[in-house]
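S.K.: Sequence first, predicted model second:
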Amino acid sequence: MSAALIAVLLSLVSAVAYAAAAVAQERLAARSTGSGALRMLSSGAWWGSVALNASAALLHVVALKYGPLTVVQPLGALTLVAAVPLGARLAGRRVSAVEWRGTGLTLLGLGALLLTASGPAPDDVLSVPEALTVSGATAALIGLLSRPGARPGLRHATASGVASGVASALTQTVTVAVTDRSGPLLSVQVIGVAVLVAGFAAGGLLLAQTAYRGGLGAPLAVVTLANPVAAAVIGVALLGERLRGGPTGVLLALTGAALAAWGVVQLSRATPPPPEDRRPATAAVPGRMPVPEPDGVAAEAEPVLVPRQPRPGHLTRL
């Protein structure tokens, strides 16, 4: 089995795990809006989502060993594709036509990206000055997007996606450095970059939890787009990764990116239909009898008139 195929398979399983974690975080955020952080951290559902994220991250790390950032990171968009039907299933509704259309466009765009991004396993790493520069710039951007007082939403989602993308780029540096037997296993570079990875990964998780207070679709779509963009910028600018096919490959990659972005926008704009079993029923009114209509919704009927009975001993006038 080729290294690229291993990277793709691991990325697919990782995306499904990330999707399950995102749905769990969104449901938790919807139930705990306005509650403190300590109360959230004491929830078993929160730690369950953390375990799912950790499992997905571990698979992602292994995938980065076998494939470049330009291959592994775009497959992260499948997290959104998997989260849509999973979230609909748990909410007791059907996936809308807009959501299916967005899913198809996203998959088509990812296919075009993979044709041009497939390359050899990575062998370059970030130097210590490069890692520190990238980390400093990323921390400044995250602080700007999630400054105190900012309303939870797309800015927090963007910060989460950037943090996760940079964590992936730094993770690739740690993975390649550790598995390269020509140098020491635990050097200052490896330890320092590993600490940065842990910080950005934890920050991305908490920022996503904050962003999901406004729902799952739009924030997850922004996270999904910001993550590969941040990682691809580092891969192309600092790690020497390139697209295949020359100008034709670049055009195909841009077309695929546009299709995937449009699919994500469709998914983020989709309005979930209300569940069929949650339609409001008409309240009962004294003196009126509810009569079921063909669609099962109770409607008000005309008052039922009951003839007045004569009192005993009273003669009714003829």
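M.R.: Sure thing, it's come through.

S.K.: Now do the contacts for the residue most central in space within the chain.
M.R.: Computing the C-alpha centroid of the chain and ranking residues by CA atoms, centre = their mean puts residue 220 first, at 3.5 Å. Each residue near residue 220 by CB atoms under 8 Å, 6 or more residues apart in numbering is listed here: 22, 26, 79, 80, 83, 157, 212, 268. Where C-beta positions appear, they are placed from N, C-alpha and C, glycine not excepted.

S.K.: Kindly report the same for residue 14.
M.R.: 56, 57, 59, 60, 63, 76.

S.K.: What is the nearest of those to residue 15?
M.R.: residue 76 (6.1 Å; CB to CB).

S.K.: show me what contacts residue 130?
M.R.: By CB under 8 Å, 6+ apart, the contact list for residue 130 reads residue 238.

S.K.: Look up how far residue 191 lies from it.
M.R.: Taking CB to CB, to the nearest Å as the measure, residue 130 falls 16 Å from residue 191.

S.K.: rewinding a little: isn't there a helix covering the residue nearest to the centre of the chain?
M.R.: Yes. With DSSP: H, G, I helix; E, B strand; the rest coil as the criterion, residue 220 is assigned to a helix.

S.K.: What score does it have for pLDDT?
M.R.: What the model reports as pLDDT for residue 220 is 81.

S.K.: can you give me the strands for the chain?
M.R.: Secondary structure of the chain (DSSP state E): strands located at 290-292, 298-300.

S.K.: can you give me the mean pLDDT across the last one?
M.R.: Across strand 298-300, pLDDT averages out at 48.

S.K.: And stretch 4-18, by the same measure?
M.R.: Per-residue pLDDT values over stretch 4-18 give a mean of 87.

S.K.: any idea how far stretch 99-118 is from the chain center?
M.R.: Stretch 99-118 has its average C-alpha position 16 Å from the chain's average C-alpha position, going by CA atoms, centre = their mean, to the nearest Å.

S.K.: Please apply the same query to stretch 55-64.
M.R.: Computed by CA atoms, centre = their mean, the separation of stretch 55-64 from the middle of its chain amounts to 16 Å.

S.K.: re the thing from before, and which of the contacts of residue 220 is nearest to residue 230?
M.R.: Out of the contacts of residue 220, the one with the shortest distance to residue 230 is residue 157. That distance is 12.8 Å, counting by CB to CB.

S.K.: Could you tell me how many residues sit around the closest one?
M.R.: Other residues near residue 157 come to 28 when the count uses other CB atoms under 10 Å.

S.K.: list the contacts for it?
M.R.: The neighbours of residue 157, taking CB under 8 Å, 6+ apart as the test, are 207, 208, 211, 218, 219, 220, 222, 223, 226.

S.K.: if you set the cut-off to 10 Å instead, what comes out?
M.R.: The contact partners of residue 157, by CB atoms under 10 Å, 6 or more residues apart in numbering, come to 145-146, 207-208, 210-212, 214, 218-226, 268.

S.K.: Residue 107 versus that one, what's the distance?
M.R.: Taken as CB to CB, the span from residue 157 to residue 107 is 22 Å.

S.K.: likewise residue 227?
M.R.: As defined by CB to CB, residue 227 lies at a distance of 17 Å from residue 107.

S.K.: Comparing these two, which shows the higher neighbour count?
M.R.: In terms of neighbours (other CB under 10 Å), residue 227 is the more surrounded of residue 227 and residue 107; the figures are 27 against 15.

S.K.: Longest helix in this protein, please.
M.R.: Ranked by residue count, the top helix of the chain under DSSP state H comes out as helix 3-31.

S.K.: and that one, which residues are buried?
M.R.: Of the residues in helix 3-31, those buried under the neighbour-count criterion (16 or more other CB atoms under 10 Å) are 3-4, 6-8, 10-11, 14-29.
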